[in-house]
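Novice: Curious how this folds, go ahead:
(3 chains)
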Amino acid sequence: MIQFLFKGIIRDKNRSVLPVIVISIGVFLTVLFSAWFKGIFSDMINVNANFSTGHVKIMTRAYADNADQMPNDLALLGAGELIDSLNTAFPTLEWVERTNFGGLIDIADANGDTRAQGMAMGQAIDFLTPGTREPERMNIPASIVKGGLPTQAGEALISNDFAERFHVKIGDPVTLFGSTMNGGMAFANFTVAGTVRFGMRALDRGAILIDITDAQAALDMADAAGEILGFFKDGQYDAEQALQVKTAFNAKYEADTDEFAPLMLRLNDQKGLDEYLKMANYISGIMTFIFILAMSIVLWNTGLLGGLRRYNEFGIRLAMGEEKKHIYRSLIIESILIGTIGSVVGTLLGLVAAFYLQEYGINFGSAIQGGGMMMPEVFRADISPESFYIGFIPGLLSMVLGNALSGIGIYKRRTAVLFKELSV
Amino acid sequence: MKNITILIFSTLFLFAFKAPPDANEILKKVEENMSSDNRVFESEMIIHGRRGSRTITAKTYSVGDKQSFTEYLSPAREAGTKMLKLENQLWIYSPSTDRTIQISGHLLRQSVMGSDLSYEDMMDDRKLTDVYSAKIVGEEVLDERKTYVLELTAKVEDVAYYRRKMWIDTERYVPLKEELYAKSGQLLKRTTLSNVQKIEGRWFPLTVVFKDMLKQGDGTEFRMTKVQFNQDIPEYLFTKAALKQ
Amino acid sequence: MLAIKLAFKNILGAGFRTILNISVLSFAFVVIIFYNGVLEGWNQQARRDTIEWEIGQGQLWHPDYDPLDFFSYQDAHAPLPEAVQAEVAAGQLTPILLTQASAFPQGRMQGVILKGIDPKQPILKIPTALLADQDGQTPALIGKRMAHAIKAKEGDQLLVRWRDKNGTFDALEVTISGIFDSNVPTIDAGQIWLPLERLQQMLSMPGEATYLVAREGFVPANAAPWVFKGQDFLLADLDTIIQSKKGASGIMYGLLLIIALLAIFDTQVLSIFRRQKEIGTYIALGMTRWQVVGIFTVEGATYSILAILLGALYGTPLLWYLAKVGWAMPSASQDMGISIAEKIYPVFGFGLILGTILLVVLSATVVSFLPARKIAKINPTDALKGKIQ
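Specialist: Here you go, the predicted model:
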């Protein structure tokens, strides 16, 4: 019978085209809405995670106590080994080293003497490992004003304002003068590979971004890192899983009384993000529910419309002796088919659109400022497992419900008045 | 009659106790003892950090108080780093980057190699007698040496420390301890000098421990391992060009 | 007029489905207002807080002062020009002096900014009255973030070391005489507020200031070389962020509105289909087709009016309640250096409500018109027979 109904749906455009279109649009919007909604609510979380907290973060206990001061003398030692063990123990996360530091950027004149110098905040991330996701995570490619990402050791990005103030061009050498992990003098030459707009005035004034291996060499931090951040490989923060990871990791060091033993914090544990996450989940739950409800009403309408449109057809079928139960059942199965087709089409379209918005986002900033910056002004959708099924709820359910409701009318019809109604 | 008695007693008094020397005189003697036309010394600086200690060795050439040239010898990372001080200017040269960086303004207040000393602490080259007026506030025995306790109060405005207290060996005219105070009277830093040796006819403390009293930690130990006075130091050493050699 | 009467009758006659349509649309209506209200509330709160706590009606800067460059602080101070002194005496400006210093909470050294402010100043909301003289002690005021960072509480002593204008070290224990709770991180994190005269004396800079904060009604006169920075300049960062947030939430409620409009569209299609005979009758009775299109369009648009009424019915108390209790925000967002209150109190302005009403009515009218257009092509005879598929 399904095959028969399917043929009917395909051949009778009236029965199929409009409902499928409406359902597709509705499902498309539902999927897109839920992904977008999740996207903007997780925006703040992602910014924090990507820039500073990670999904989980490991520091030494002593470092964690004074984390505001970037105390690299308290950095994690044996970072490589630690990362290896983390990769084994928690393969669902990607582990990266980061080091924050402060220093002086000194620009030489022709004789190698100081021409200009300025204080800078520094951050070292993984630029060079093939396939590294760190620059994207920090939204660096989008915020480059001139030049490009560092492609080899010894290259650096500096803030665009700084470069302009001191007339530093791409390819120019700059010297970083800071303090090593041990308090010694750190000197390192870098070639400016590009300039960046951060969108935060403090950083735009003076900042330098270098590869983590360069930082380790320059700051005498061989195999050391200020922080190790863990990111779930699917990019989505999962509080429950993060808690498990954190508990498992910290349990290993529970007995260790060393103030330099590693300590793992979850995103939730940092900067009051817990409260925000709870609220975001709650609100997005409510919003999505209401949206689905609204969408269901729309699609229910469509179901009703379909039922009503075929008032005459049902009359004829009844007149020809088809059982009411049978017509009703065929109507429901048909609606399931249409609902499924519409939902699949809509979900696919929705996913494509959401994916586009996830990858490229919509930039609300450039309209105002005329240029990208590191602070996100690009808002993105966020595809979650939910995106794959959420559209089916309004798509299938309300279509079927709408048809089921309008189909009840079939039982109310009396064979005696059929011919009068049909005015044949 | 009464007057005569007083006169006799007071005369006796004068003979019995040598008059304590003038505080500024003592300071002058200290300066004469400690400073020389030039000196060359090798040193070890032991810096105590939260994660253990580091030792940095260096060789320093100085002429008067105004010019000094230091080359770091170890650890390997710092080896070859040179520091040149001329009057109130300071340059650091690093061989790894082949760059000479001028340290000025705010940077001078940074700690040197993570020690309890700032660049600025090393830059102050004025004679104590020019900057402070001194008075003797007592005598104390320190490490079995008799010392005058001098209190120095700034007589010019632009000094880093408004008040100092120095414990000066009464025989050798070598300071054994020094405390640096804020205007408010708060103790800021304490320097202890020890291992006083006679070198080329003068007494000289070879070990100095600096301690920032506001910070936790064990301070920084500075040991001179080889001191020579009045050497022939080539003039070109005190030029920026010498940094690169 | 006839069209509107008919429209109401028809719509109300449609019963349950009408209610559903109206509910959806009214919901979109309320959400749009709510969202914009929150953003506007945030904007206003952030501006208000920043103005009240930090920038006043603008600031008069020492020419060398650059808030982002700590090192500029060392030179950015001077005695006030005479004209400025007069303004200070008149209560139009309050001077603030600042310097870099170190604090030693629990024996750790931490860089801080000391800021001197007149305890009797009436311009900023910082509770400077707490800096009033306390027998011999030096009172200090810190914000909650600073208090958290250095683990200090009221009554605690904090050792501070600084250098006066000659570079002479000085140090002192200050007594935390109060901890203020402000949404503005830029007057809190890493800062210690002291009585102005005390700080001037500590730095040997009598009568000097780094910048001055203006009171409402202050007219910036030429105080060269001091530079007046207006609110526009000082609030620029905030404006950028609010703008981009507005864009992002616009997409969201745009989608919601589309859904609601889809419902109306759908209903229109349905009703035009079901009411062919009615349409045929209208035309047969002499109405032009476009008149009938008008009737149906108005009918669709009427949904929006009913939706607005319904939205007003439940939205007013709901939004009023939210405006009263506020909307919690995470403290994390404050780390960005932008003022965000823990709770945002939405502000629903007249313009916002009117604009949203217009948006809803216009868009509803357009989507009602689109399917109704079909009527213009209808063959009245077929319509009368109900034979249009």
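
Novice: give the contact list for residue 347.
Specialist: You didn't say which chain, so I picked chain A. Shown in contact with residue A:347 (Cβ atoms under 8 Å, 6 or more residues apart in numbering or on different chains): A:27, A:28, A:31, A:387, A:388, A:391, A:392, A:395. Where C-beta positions appear, they are placed from N, C-alpha and C, glycine not excepted.

Novice: My question was about chain C, not that one.
Specialist: C:37, C:40, C:41, C:44, C:323 are the contacts of residue C:347 under Cβ under 8 Å, 6+ apart.

Novice: Any chance you could note which residues of chain B sit beside chain C?
Specialist: When proximity is defined as Cβ under 8 Å from any Cβ of the partner chain, chain B approaches chain C at B:105-106, B:154, B:157-162, B:180, B:182-184, B:186, B:188, B:214-216.

Novice: Quick one, which of these are buried?
Specialist: Neighbour-count burial (16 or more other Cβ atoms under 10 Å in any protein chain shown) applied to the residues of chain B next to chain C gives B:154, B:159, B:160, B:161, B:162, B:180, B:182, B:183, B:184, B:186, B:188, B:214.

Novice: Reformat the residues you listed as CSV; add secondary structure.
Specialist: Below are those laid out as CSV (DSSP: H, G, I helix; E, B strand; the rest coil):
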residue, secondary structure
B:154, strand
B:159, coil
B:160, coil
B:161, coil
B:162, coil
B:180, strand
B:182, coil
B:183, coil
B:184, coil
B:186, coil
B:188, strand
B:214, coil
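
Novice: Widest-spaced pair of these?
Specialist: Pairwise distances across these (Cβ to Cβ) peak at 19.8 Å, for the pair B:154 and B:214.

Novice: does residue B:207 sit in a helix or strand, and which one?
Specialist: strand B:202-212 (DSSP states H and E).

Novice: any idea which helix or strand comes after that strand?
Specialist: strand B:220-229.

Novice: Which secondary structure elements does that next one sit against?
Specialist: strand B:38-49, strand B:187-199, strand B:202-212 (3 or more Cβ pairs under 8 Å, 6 or more residues apart in numbering or on different chains; DSSP states H and E).

Novice: and that strand, which residues are buried?
Specialist: B:220, B:221, B:222, B:223, B:224, B:227, B:229.

Novice: For that strand, which strands pair with it and how are they oriented?
Specialist: strand B:38-49 (antiparallel), strand B:202-212 (antiparallel) (DSSP bridges).

Novice: same question for the first one, mean pLDDT?
Specialist: The one in question is strand B:38-49. Average pLDDT, strand B:38-49: 88.

Novice: Name the residues that touch it?
Specialist: A:73, A:182-183, B:53-64, B:73, B:113-115, B:217-231, B:233.

Novice: Just the buried ones among these, please.
Specialist: A:73, A:182-183, B:54, B:56-63, B:73, B:113-115, B:219-224, B:227, B:229, B:233.

Novice: Checking residue A:254 next. Helix, strand or coil?
Specialist: Residue A:254 - assigned by three-state DSSP - is coil.

Novice: tell me the domain ranges of the chain?
Specialist: As the question left the chain open, I've gone with chain A. Domain assignment for chain A, taken from automatic domain parsing, gives A:2-45+A:276-422, A:56-234.

Novice: oops, I was thinking of chain C
Specialist: Split by automatic domain parsing, chain C gives C:2-52+C:237-385, C:58-229.

Novice: how about the ones you listed in a markdown table, adding mean pLDDT and distance to residue A:206?
Specialist: Listed next are the domains of chain C as a markdown table, based on pLDDT from 0 to 100; distance: least, Cβ to Cβ, whole Å:
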| stretch | mean pLDDT | distance to residue A:206 |
| --- | --- | --- |
| domain C:2-52+C:237-385 | 78 | 16 |
| domain C:58-229 | 86 | 8 |
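
Novice: Please tabulate these in CSV, including the columns distance to residue A:189.
Specialist: Shown next, in CSV, are the domains of chain C (distance: least, Cβ to Cβ, whole Å):
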stretch, distance to residue A:189
domain C:2-52+C:237-385, 32
domain C:58-229, 23
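
Novice: between these, which one is nearest to residue A:167?
Specialist: domain C:58-229 (18.2 Å).

Novice: Who's the closest spatial neighbour of residue C:177, skipping the chain neighbours?
Specialist: Nearest residue to residue C:177 in three dimensions, chain neighbours excluded: residue C:139, at 3.7 Å (Cβ to Cβ, 6 or more residues apart in numbering or on different chains).

Novice: which other residues reach the one helix or strand the one you found maps to?
Specialist: Applying DSSP H and E as the criterion places residue C:139 in strand C:138-143. Contacts to strand C:138-143, defined as Cβ under 8 Å, 6+ apart, come from residues C:126-128, C:130-133, C:150, C:152, C:158, C:160, C:172-182, C:185, C:187-189, C:191-195, C:198.
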